[in-house]
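[1] would you be able to build a 3D model of this:
(2 chains)
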Amino acid sequence: MNPRVRFAPSPTGPLHIGGVRTALYNYLFAKKNNGTLLLRIEDTDQTRFVPGAEEYIVEAFKWLGIEFDEGVGIGGEYGPYKQSERKAMYKPYAEQLVNDGWAYYAFDTPEALDAKRKEAEANKKTFQYDATTRMDMVNSLTLPADEVTRRLESGEPYVVRFKYPANLDIHVFDLVRGEVVINSNLLDDKVLYKSDGMPTYHLANIVDDHTMKITHVIRGEEWLPSAPLHVMLYKAFGWEAPQFAHLPLLLKPDGNGKLSKRDGDRLGFPVFPLQWHDPKSGETSSGYRESGYLPEAVINMLALLGWNPGNDQEMMSMDELIQYFSIDKISKAGAKFSLDKAKWFNHEYIQLKSADDMYPYFEKILKEKGIECNKNYVNSVYELIKDRLNFIGDFWEQANYFFVAPTEYDPQALKKRWKEGTGDKLRVIDSMLQEFKPYDKEKAHDAVMKYIQDNELNMGQVLNSLRIAIVGTARGPELFTMINVIGVEEVHKRVERAIATVEA
RNA sequence: GGCGAGUUCGUCUAGAGGCCUAGGACGUCAGGUUUUCAUCCUGAAGAUCAGGAGUUCGAAUCUCCUACUCGCUACCA
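    Below you'll find the model as predicted:
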C-alpha cells in the first residue's frame, strides 16, 4: 500500500520554519515512496484563529515548491480538510468512547479545576486529573446515571475526558527513536471533547488521521509526550495505528531553546518563509522570500537540519532530496539553525542561476530605485557581479555604480591611490580608451599597460585611481571588462567628474 | 516537581564493536590567484566522542549510573 501522510498546521499565525521542515520531510517521504501528501487545517481552537494565516500557509508552500496532493484548496475524496468544517463528525466518536468505557463526561468548571491546581500548588504538589483523582471530581463516574442524563439534557457545559486504564505500560514505536514506554498511571485524563462542541487536537487528530487513511505520522518532537494517548485512542477505537516518526526540534542559534519568532528579530534572520504582518499587533516579521533567499536554498538548508543523505553531498535539488530521503537517516538530537550556513547555501544557489532567471528580481529592485532597465545590460552586469551575491538584495549594493555614476569617492581609497598628477594620467588613459570604438577589451588593456610601462608608472596606482573614478571606491570586478559593460563614453564622463571633484 | 527525549570539532553532521591517528561541510585562521574588493584554489587549527562504571581480546558504537540540555505537564496545537 502506498503511504499517505499529512501536514496539519493550525492557522494561528504564520507558518514557522520548523513547521516548514516538518512539511518538507512529509513531502520527501511521500514522493520517495509514491505516496500521497495532504494538507489539513487544524482549527479546533476558535479562540486562536488568525485571519490570513491559512492563505499564508498555502502561499508559502507554493513559493517553496512543496506540493500537496490533497487538502485545503486542492480537494480530494477524504474532505473536508478543515477541522472546523468537520465539527459535526467528532461528537459521535466521543460518545462512542464514553459508551465503551474509554471516556467519561466531566462537569468540573474551569474555576473548580483552577482551584484544585492552586490548592495542590500550595502544598507543593501538582494536581492531575487522573486515576487517583477522578473519583473526587464531578463527572459521570461519580454522579448517578440519572443525574448525568439530567445535566446533559439541561445543556450544562461538559467535556469528555479519556479514561486511562490503571497501571498499563503503553508502548509507542517511533521510527526515529525506537520504542518508548510509559505507564498509564503517570498520564492525565486528557480532554477529548471541549465544552464549546469542538474536539481537542487529540481526538480530532486521531479521527481525521484514521478517516483520511493516514499511514505515517511525521511530526515535531513536541508531540512525543502525547503519543501514548494517541496509541491508546487507536486502541480504544479498535483502529490500526499509523507509524509514528517524531522529528528533532529546530533550536535557536545561541542557547538551546526552541527557535521562536523573537529569535529571528533578535538575531537578524527570518523565522518564517514569507513576510508576515500580524493583523492584531500590527507587527511585521521578516520572511525568507523578502530577505532575498531562493526557495531552493531554503529547502536544501532545511532538509539538512536533522537529516543527511548518507554521503558527503550537501547541494541537493528537490529531486535529489527525494531520491536520497529516508526516515532512518533522521537524527534524534535538536539542530541549531545557522545563519552562516543559510547564507552559504543561498550564495551557492545564486551561482547556479542564469541571468534570465535572476532578471525579474533585479528589474524589481531597479524599478524601486527609479531606474529604467535594459535586460541585456542588466544581464551583463549580473554576470560580472554574481559571485559577490549572497542574497538577491545584495544586487544593488554590488552593482549600483553600473546604473548611477558615483558622486562621492571613498576617502580611504583616495588617500592610498590618488596622488599628485593622478588626474593628468587618467586623462591620458581616458583619451586612449576613447580610441577604441567599438571597444576592445584586450586591445584597451594592452594599450594602457604599455602606457604604464613606457612611463614607468605604478600599475596599482594608475589602475586603481581609474577604478575609483568609475566605481567610487577600490572595489569591483576586473577593470577592463567593467569598462566594456559601462561604455567608454560613460567612463569619460566619470573620469572628468572624478578629477573635478577630487582635485577641486 | 513529575514524565519523556537528547548529548561526536564553535555550528550542521559521518559513524550500526576492530576500516577512527574520529571523516566531511559551514565558520575561523594562514597562504595562493587578482590592479582592488569579493569569488575561487590550497593548507591549518579545531572533538580526551558529556562524565563515571561495566561487558569485551577490543567501545564513539552495547549495558548501567550520574550530570546537563530540551520538550511535555491547558476545555492550545
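[2] so A:Y104 touches A:Y129, yeah?
    No: taking contacts as C-beta atoms under 8 Å, A:Y104 lies outside contact range of A:Y129: 10.8 Å. The C-beta positions use only the backbone N, C-alpha and C, and glycine is treated the same way.
[3] can you give me the strands for the stretch 301-450 of chain A?
    A:335-336 (DSSP state E, counting those that start in this stretch).
[4] run through it and note the low-pLDDT ranges.
    Residue ranges of the stretch 301-450 of chain A with pLDDT under 70: none are present.
[5] count residues in the vicinity of A:P242, would you?
    By other C-beta atoms under 10 Å, the residues close to A:P242 number 22.
[6] ok, it to A:L28 distance?
    17 Å (C-beta to C-beta, to the nearest Å).
[7] likewise for A:V448?
    Taking C-beta to C-beta, one finds A:V448 at 55 Å from A:L28.
[8] cool, and A:I74?
    From A:I74 to A:L28 the distance is 19 Å (C-beta to C-beta).
[9] more neighbours: those two, which one.
    A count of neighbours by other C-beta under 10 Å puts A:L28 above the other of A:I74 and A:L28, at 25 against 14.
[10] so A:K163 touches A:D100, yeah?
    No: A:K163 is beyond contact range of A:D100, at 10.0 Å (criterion: C-beta under 8 Å).
[11] these two - which one has more neighbours?
    Neighbours were counted for A:K163 and for A:D100 using other C-beta under 10 Å; A:K163 has more, 22 against 11.
[12] ok, that one - contacts?
    Neighbour list for A:K163: A:101-104, A:134, A:141, A:189 [criterion: C-beta atoms under 8 Å, 6 or more residues apart in numbering].
[13] in terms of pLDDT, where does it sit?
    Each residue has a pLDDT score; the one for A:K163 is 97.
[14] likewise for A:K280?
    In this model, A:K280 carries a pLDDT of 85.
[15] over to the one 10 residues further on?
    At A:E290, the model reports a pLDDT of 96.
[16] residues contacting it?
    Counted by C-beta under 8 Å, 6+ apart, A:E290 has contacts A:270, A:274-275.
[17] ok so it is a helix residue?
    No: read with DSSP: H, G, I helix; E, B strand; the rest coil, A:E290 is coil and lies in no helix.
[18] for it, grab phi and psi.
    phi -70, psi -20 (degrees, to the nearest 10).
[19] one more: A:M198?
    According to degrees, to the nearest 10, A:M198 has phi -110, psi 150.
[20] can you name the residues that contact the closest residue in space to it that isn't next to it in sequence?
    Leaving out its chain neighbours, the residue that sits closest to A:M198 by C-beta to C-beta, 6 or more residues apart in numbering is A:T44, at 4.8 Å. Residues counted as contacts of A:T44 (C-beta under 8 Å, 6+ apart) are A:83-84, A:194, A:198-201, A:204.
[21] about what we covered before: common neighbours of A:Y104 and A:Y129, please.
    A:R161.
[22] now for the residue nearest to A:P279 when sequence neighbours are not counted, how many residues are close by?
    Using C-beta to C-beta, 6+ apart and skipping the chain neighbours, the partner closest in space to A:P279 is A:P51 (5.8 Å). Residue neighbour count, defined by other C-beta under 10 Å, stands at 10 for A:P51.
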